[in-house]
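J.: Okay, predicted coordinates and the sequence, questions at the end:
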Amino acid sequence: MFSRLTSMLGGGAGALPYVQVDVGAVPERLGDVSIWSHTEGTSKVDGTPVSMFFFDISANSEDQLNAARNSIRRMKTLRHPSFIRYIDSVETEKHIQVVTERITPLSQYLEDRNILAISWGLHQVAKAIGFLVDSQMTHNNICLSSIVVDTTGEWKLGGLELLRRSTDDPNDVIKMPTPVKYQPPEKKGAVKKGHPWSDDMWGFGCLIWEVFNGELPRPERLTDVDYIPKKLLAPFVKLIGANPKSRPSPQNFIAEARNNGRYLDNDYVNATFFLEEINLKSPEEVSAFYKGLPALLDGFPRKGCIRKILPQLLQAFNYGGAGSAVLGPLFKIGSYLETEEYRAKIVPCVIKLFSSTDRATRISLLRSLHLFIEHLQETLVSEKIFPQLATGFTDSVAAMREETVKAMLLVVPKLTHEIIDNQLLRFFAKLQMDETPSIRVNTTICLGKIAPYLTPESRDRVLASAFVRCLKDTFNHARGAGLMAIKATQHFFSTADLVRKIFPGVIALTLDPDEAVKAQALALARGMLDRIENGRVEADTSVSAVSSASKNASSWSWASSAVSMALTKTVLKATSGVQAGSAVGGDGSSRRKPPDHEEDEDDFEDAETGPTASPPSSKKASPTKSSRLQVQMDDDGDGDGWGGDEEDDDKSDYGDDAGGWGNDDDGGWGNDKDEWGGDDDDAALGPPPSKEKSSAQRLSVGSKREPVTKRESVTTSASTPKAPPKDMGTSKPRSGGIKLGKKKVGGGLGGKKIAKGD
């Protein structure tokens, strides 16, 4: 027999264009009551995986041969998702060969059992029996060996040897008897008239027992229910009742098993049901379903998530208009995939999402970047994704600009140096003058974190000018961020640059009115003096070198506590198409970091709370949780959430220097219109002079801090600030802005508009 099967697999007359995967292996019987042997195969044409079934004519009886032919005839005509899918067949004088979709016998599948997968599988079998009842057919052979599982984890009904219609001629009924252990009681004694489904539902009861106990040895064991789940026990007892009229129909079984938290009423079955009927659900129901799905996926069978739920999500995204709501479960299931499969199924969706004009979708995508960035190839990021991302730098909504800045920490390692130098750093230069304080803070933080990925030339041209600019910002957290960035990246500067370009600005902040900034400035100044005394002269010129900037990246927190959340929520509420919520949540711990560096290992041990951790003044009492936002941002005590006098709210963010620090008309760092660097910043070590007010009355975005006379004297003694450029033009007030409480934060740079090079 086995030699004949081997000759069939090897080709010859009547052979199909399919080959066995494990050449030389003997096909296995599906069970002790099955007439078929099974093995896995592939198509010779395109390599499609299939299953191959064999029937040896000479080794079986005439009744069994008729049953095999009946099985093939029924498979050809039964095109239903709950039945095994027929592909091809051939019959010769010696054998019958059938090719179907790739399946796994249920007995093998149960070796790696999952209770949720079993519940859905039993539901699928009951559904298949219900289809037969509606079609006036009976299976007459339902047992463990008749059930197979496809590649998506769906249970399907096979073993169609005895299937017949109620309208078939009695003389044509297959004579192959059902094994005694599967025969219902009415077949053994006096014939009792039952329902058309009675015999098949008895077999379904036998199947349930075998799923939880193994192959049924004799019918008397059906009363041993120790391993039957408690929630399934009541419906199961009805299936094996001696009275055929008491056995429920397939539809009634499903309804009872799904009622009041019973066996089929679980998260996996409910989620699968919902996905099958999603076109009938309201948008509110669909949104709520996608929102809660990620929390359930960990308990779902992995194969079911990948092969069943993921295709439904992809279809909903591509054709159902699901939008950003589907991102959570989509990326969660995507994490289960291998790299190649991820790139084939998920990456095309990511590319499509980045081109979306819906702000809610883009913000959600940026916040989920850490879930898929490792699967994106560098060429793809540079050529297709970054051009779409870059539009967020100039978006009119502050939340979008801020999320785009934060996303750069993960994107920069995959960008070319040309893109970083010619595009990204230019965007950062303009964002350091953004009207939203938290964006200026986060831009500085991000620049400090990506410093190891810049070329030595870019670091020399950019970092000193950028960080010194922050030290002159009227927003206290921006000044704190500048100090943190300098401390974390100081090994990139030569001692000469530290002394000439950076040290004077740091010293000026040792008399800062904000106690937190003052403490940071003092600590940084001491560290810089130690370096000068120890004679460390040369700067680190390596690219992607480990530095304290990267080593301590996890201790840098985005400006998210009081500063950013209030602004983001207000902006989102005021902007159509954007969901309200924080745009800057998280501590950056999921961001990718360069390898560790041996130098300055403890540079940032004192910066874990980030620039927004401390209140502006140590003289204030510790705020309660409900008043934290007001205390952190309101240093004049007027309860508006911002410091300073209301009358100065429309003044320029950086005094009269409308273009920022130095002579960069394009908003860059230095005196070059498009390039970074330059020595103009060396002369502007303190706050720039104002045409209308003294430096003690400098302004912040939409407000100003309290006048500080001491800081003015320090600035004067450190260096004489140069006059503002004459070619900057005059500024005009910018309309717009957002309301926080009863006050209004002016649009633009604290209400002023850059006349040239904006």
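T.: Arrived safely, thanks for sending. Keep in mind the model is a prediction, meaning the values are calculated, not measured. Numbers count the residues shown, from 1 in each chain.
J.: When you work out contacts or count neighbours from here on, use the C-alpha atoms and nothing else.
T.: Fine.
J.: Let me know whether Thr394 touches Glu402 as I believe.
T.: No. Look at Thr394 against Glu402 with Cα atoms under 8 Å: they stay out of range, at 10.3 Å.
J.: who has more neighbours, these two?
T.: Glu402 (28 against 14; other Cα atoms under 10 Å).
J.: Just to be sure, the more buried one is in a helix?
T.: Yes. Assigned with DSSP: H, G, I helix; E, B strand; the rest coil, Glu402 falls within a helix.
J.: Excluding chain neighbours, what is closest to it?
T.: Setting aside the residues directly before and after it, Glu402 is nearest to Ile439 in space (Cα to Cα, 6 or more residues apart in numbering), at 5.5 Å.
J.: what stretches of the chain score poorly on pLDDT?
T.: Within the chain, the segments meeting pLDDT under 70 span 1-14, 23-25, 170-171, 177, 189-192, 320-323, 536-758.
J.: So what are the sheet partners of the helix or strand where Val99 lies and their directions?
T.: Secondary structure assignment for Val99, by DSSP states H and E: strand 95-101. Looking at strand 95-101 with DSSP bridges, its partner strands are strand 49-56 (antiparallel), strand 86-91 (antiparallel).
J.: As PDB, could you dump the C-alpha coordinates of the longest one?
T.: Provided in PDB are the C-alpha atoms of strand 49-56 (Å, rounded to 0.1, in the frame of the first residue of the first chain):
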ATOM      1  CA  PRO A  49       0.800  25.400  -0.100                       C
ATOM      2  CA  VAL A  50      -1.800  22.600  -0.200                       C
ATOM      3  CA  SER A  51      -2.900  19.500   1.500                       C
ATOM      4  CA  MET A  52      -3.000  16.100  -0.300                       C
ATOM      5  CA  PHE A  53      -5.400  13.200   0.500                       C
ATOM      6  CA  PHE A  54      -5.000   9.700  -0.800                       C
ATOM      7  CA  PHE A  55      -7.400   6.700  -1.000                       C
ATOM      8  CA  ASP A  56      -6.000   3.300  -2.000                       C
END
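J.: what sits up against that strand?
T.: 1, 5, 20, 27, 35-43, 68, 94-103 (Cα atoms under 8 Å, 6 or more residues apart in numbering).
J.: Next, the angle from the helix or strand following that strand to strand 95-101.
T.: Later in the chain than strand 49-56, the nearest helix or strand by DSSP H and E is helix 62-77. For helix 62-77 against strand 95-101, the angle by axes from the mean of the first three to the mean of the last three Cα atoms, to 10 degrees is 30 degrees.
J.: so what does helix 62-77 touch, helix or strand wise?
T.: The contact analysis (3 or more Cα pairs under 8 Å, 6 or more residues apart in numbering; DSSP states H and E) places helix 62-77 against strand 86-91.
J.: Buried residues of the strand it packs on, list them for me.
T.: Buried residues in strand 86-91, defined by neighbour count with 16 or more other Cα atoms under 10 Å: Tyr86, Asp88, Ser89.
J.: ok now do the last one, which residues does it touch?
T.: This means Ser89. For Ser89, the contacting residues are Leu16, Ile72, Ile96, Gln97, Val98, Val99, by Cα under 8 Å, 6+ apart.
J.: If we use 10 Å, what do you get?
T.: 14-16, 52-54, 72, 76, 96-100 (Cα atoms under 10 Å, 6 or more residues apart in numbering).
J.: What's opposite it in the beta bridge?
T.: Beta-bridge partners recorded for Ser89 (DSSP bridges): Val98.
J.: and the end-to-end length of stretch 339-354?
T.: 20 Å (Cα to Cα, to the nearest Å).
J.: Buried residues, it. List them.
T.: Tyr342, Arg343, Ile346, Val347, Cys349, Val350, Ile351, Leu353, Phe354.
J.: Direction included, what does the helix or strand following the strand holding Val99 pair against?
T.: Next helix or strand after strand 95-101 toward the C-terminus (DSSP H and E): strand 103-105. Next to strand 103-105 in the sheet, as set by DSSP bridges, lie strand 147-150 (antiparallel).
J.: which strands and helices sit next to the helix or strand just after the strand it pairs with?
T.: Per DSSP H and E, the first helix or strand lying C-terminal to strand 147-150 is strand 155-157. Applying 3 or more Cα pairs under 10 Å, 6 or more residues apart in numbering; DSSP states H and E, one finds that strand 155-157 contacts strand 103-105, helix 106-109, helix 115-134, strand 147-150.
J.: what's downstream of the longest one, the next helix or strand?
T.: Going back to what we said before, that points to helix 115-134. Next along the chain after helix 115-134, taking DSSP H and E as the criterion, comes strand 137-138.
J.: Show me what that next one is in contact with.
T.: With Cα under 10 Å, 6+ apart as the criterion, strand 137-138 contacts 129-132, 160, 162-168, 196-200.
J.: Now, of those, which are buried?
T.: Of these, these count as buried by 16+ other Cα under 10 Å: 129-132, 160, 162-164, 196-200.
J.: any chance of these in JSON lines, plus distance to Asn476?
T.: Shown next, in JSON lines, are those (distance: Cα to Cα, whole Å):
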{"residue": "Ile129", "distance to Asn476": "72"}
{"residue": "Gly130", "distance to Asn476": "71"}
{"residue": "Phe131", "distance to Asn476": "71"}
{"residue": "Leu132", "distance to Asn476": "74"}
{"residue": "Leu160", "distance to Asn476": "78"}
{"residue": "Leu162", "distance to Asn476": "83"}
{"residue": "Leu163", "distance to Asn476": "81"}
{"residue": "Arg164", "distance to Asn476": "83"}
{"residue": "Pro196", "distance to Asn476": "81"}
{"residue": "Trp197", "distance to Asn476": "78"}
{"residue": "Ser198", "distance to Asn476": "79"}
{"residue": "Asp199", "distance to Asn476": "80"}
{"residue": "Asp200", "distance to Asn476": "77"}
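J.: Out of those residues, which is nearest to Leu380?
T.: Closest to Leu380 out of those is Phe131 (48.1 Å), distances taken as Cα to Cα.
J.: these two touch, right, that closest one and Leu157?
T.: No. Here Phe131 does not reach Leu157: they are 11.2 Å apart, not a contact under Cα atoms under 10 Å.
J.: Please confirm that Gly41 is located within a strand.
T.: Yes. Per three-state DSSP, Gly41 lies within a strand segment.
J.: Could you measure from it over to Ile35?
T.: 19 Å.
J.: hang on, Ser438 packs against Glu402?
T.: Yes. Using Cα under 10 Å, Ser438 is in contact with Glu402, at 7.9 Å.
J.: thinking again about what came up before, among the strands paired with strand 95-101, which comes closest to Leu110?
T.: Comparison of the strands paired with strand 95-101 against Leu110 by Cα to Cα identifies strand 49-56 as nearest, at 18.5 Å.
J.: Now tabulate the helices and strands packed on strand 155-157 in a markdown table and tack on distance to Leu369.
T.: Below are the helices and strands packed on strand 155-157 laid out as a markdown table (distance: least, Cα to Cα, whole Å):
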| stretch | distance to Leu369 |
| --- | --- |
| strand 103-105 | 37 |
| helix 106-109 | 36 |
| helix 115-134 | 31 |
| strand 147-150 | 33 |
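J.: so which of those comes closest to Val499?
T.: The nearest among these, by Cα to Cα, is helix 115-134 at 66.7 Å.
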